[in-house]
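Enquirer: what follows is a predicted protein model with its sequence.
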Amino acid sequence: ILTFTVAMCNMCVAVTEPLIPFFLEGEPFNFNNESIGLTFGVQALCYLVFTPVFGLLSDSHMKTPLMGVGVVAVAAGMAIMFTFRELWSVVVGLGIVGTGIAAADTPSMPLLTLMVPPERFGSAMALQDTSVNLGFLLGPLLAILVGEDVDSFKWLSIGASVFCIG
């Protein structure tokens with residue numbers, strides 16, 4: 001379940017990256033490549049800032065609730081980003097997604113160490129890393145299937161997030 005949750009969260013993030021440029025280049029945004037890069041920078045900045053904060057929270061025995069909050073935040077960020085279709089929604093949505101990924105990913109390793117015996121840490125961490133990469137592999141593949149249809153993408157990303165919550 002832990003590995004699946006991490007894979008689904010990362011898939012939701014990875015599916016946005018190939019599609020957001022198409023979304024932002026059209027009306028009403030007409031962003032150029034630099035603007036799109038800066039928009040994704042918001043997501044990276046939130047991940048960078050909140051990962052240490054969530055690490056401290058994770059150390060205070062809040063691992064499982066923190067992962068749940070992170071998954072809900074990813075779903076909320078995706079919903080905001082593709083429901084309102086305005087500049088603020090993309091910036092806020094990507095910020096919430098970056099924060100949610102930090103909240104979901106940070107406690108996954110400590111939880112993993114609690115779930116497996118010490119002699120299996122290496123294989124357990126390899127499985128965890130594989131789940132992250134599986135999410136980043138599936139995301140762009142799903143983006144290819146969806147194409148430039150933003151409505152389909154919205155429901156696909158929200159559905160994946162809700163499935164991950166369940």
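Expert: Structure's in. What do you need?

Enquirer: let's test this: name the helix or strand in the chain with the lowest mean pLDDT.
Expert: Within the chain, no helix or strand scores below helix 150-165, which has a mean of 62 by mean pLDDT, DSSP states H and E.

Enquirer: show me where this protein dips below the pLDDT cut-off.
Expert: 1-13, 15-19, 21-29, 85, 139, 143, 146-166 (pLDDT under 70).

Enquirer: nearest spatial neighbour of residue 62, skipping sequence neighbours?
Expert: residue 107 (7.6 Å; C-beta to C-beta, 6 or more residues apart in numbering). In this view, the C-beta of every residue, glycine as well, is placed from N, C-alpha and C.

Enquirer: tell me, how many residues neighbour residue 30?
Expert: As a burial measure, residue 30 scores 9 neighbours (other C-beta atoms under 10 Å).

Enquirer: what helix or strand is it on?
Expert: Assigned by DSSP states H and E, residue 30 falls within no helix or strand.

Enquirer: next up, the contacts around it.
Expert: The contact partners of residue 30, by C-beta atoms under 8 Å, 6 or more residues apart in numbering, come to none.

Enquirer: with residue 38 instead?
Expert: If you count contacts by C-beta under 8 Å, 6+ apart, residue 38 has none.

Enquirer: can you tell me how far the residue nearest to residue 62 sits from residue 53?
Expert: From residue 107 over to residue 53 the distance is 12 Å, taken as C-beta to C-beta, to the nearest Å.

Enquirer: between the two, who's got more neighbours?
Expert: The residue with more neighbours, out of residue 107 and residue 53, is residue 107; 24 against 13, by other C-beta under 10 Å.

Enquirer: and that one, what does it touch?
Expert: 54, 58, 62, 63, 64, 66, 67.

Enquirer: mind doing that once more with 10 Å?
Expert: 2, 54-55, 57-59, 61-68, 70 (C-beta atoms under 10 Å, 6 or more residues apart in numbering).

Enquirer: tell me, how many residues neighbour residue 144?
Expert: 10.

Enquirer: residue contacts, residue 126?
Expert: Contacts of residue 126 by C-beta under 10 Å, 6+ apart: none found.
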